[in-house]
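> I'll drop the sequence and a predicted model, then ask my questions.
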Amino acid sequence: MSVTTPARPIRTILLVDDHELVVRALHNYLEKQGYNLLEARDGEEALLIAECFPSTIHVLVTDLVMARMNGRELVRRLLPLRPDMQVIMMSGFPDEVMAQQGLTPLVPMLRKPFPPKRLLNAIQEVLENPQSERTVASLVEPCPPGPPSNSGTAGV
């Protein structure tokens, strides 16, 4: 009589980035770790996938700065479709990283470039400790009005 450990449930990740090399590298790495990967090259493609995919999408991993539709707009438009999906954001722009961390401190924000292991750790953390503060729904709550952004003159 052999004793087998129960298999870890397969979790689905929607990976959205407009850089082919980033998507390819992260897809291959995460797939080898046992995740089911859906990938999109922009926000519009990600919306179509979210509309058509019949099962749960556990985590959205999205770039913030993309052509056609940025990561914030993608999250806003995903609300009616997948409000409980956990979110991890990525950006290669330091000002975007800092601004997003200030607005949503519980949402993991990875600054590109990063080692794939860092993304794996962030995914494992949001799956093991899901929090409503880092779901699609929490990220579209209206923010209190603040001073106008002046990103071109930020001090270093």
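Cool, got the structure.
> so which strand or helix has the most centrally placed residue in the chain?
Of all residues in the chain, the one closest to the mean position by C-alpha atoms, centre = their mean is Val61, 2.2 Å from it. Val61 is part of strand 59-63, with elements assigned from DSSP states H and E.
> For this protein, give me the ranges with low pLDDT.
Under the criterion pLDDT under 70, the flagged ranges of the chain are 1-8, 97-98, 100-103, 141-156.
> the helices in it, which residues?
With helices called from DSSP state H, the chain shows them at 20-32, 43-52, 71-78, 94-103, 116-128, 136-139.
> can you tell me which of the ones you listed comes nearest to Val65?
When the helices of the chain are compared by C-beta to C-beta, helix 94-103 sits nearest Val65, at 6.0 Å. Glycine gets a C-beta too; all of them are placed from N, C-alpha and C.
> Can you report how many residues neighbour the nearest residue to Arg77 once chain neighbours are set aside?
Leaving aside its sequence neighbours, Arg77 sits nearest to Leu47 (C-beta to C-beta, 6 or more residues apart in numbering; 5.7 Å). Leu47 has 18 neighbours, counted by other C-beta atoms under 10 Å.
> just Met90 next, same as before
By other C-beta under 10 Å, 27 other residues sit near Met90.
> how much space between it and Glu51?
Met90 is 23 Å from Glu51, where distance means C-beta to C-beta, to the nearest Å.
> Done for today, thanks.
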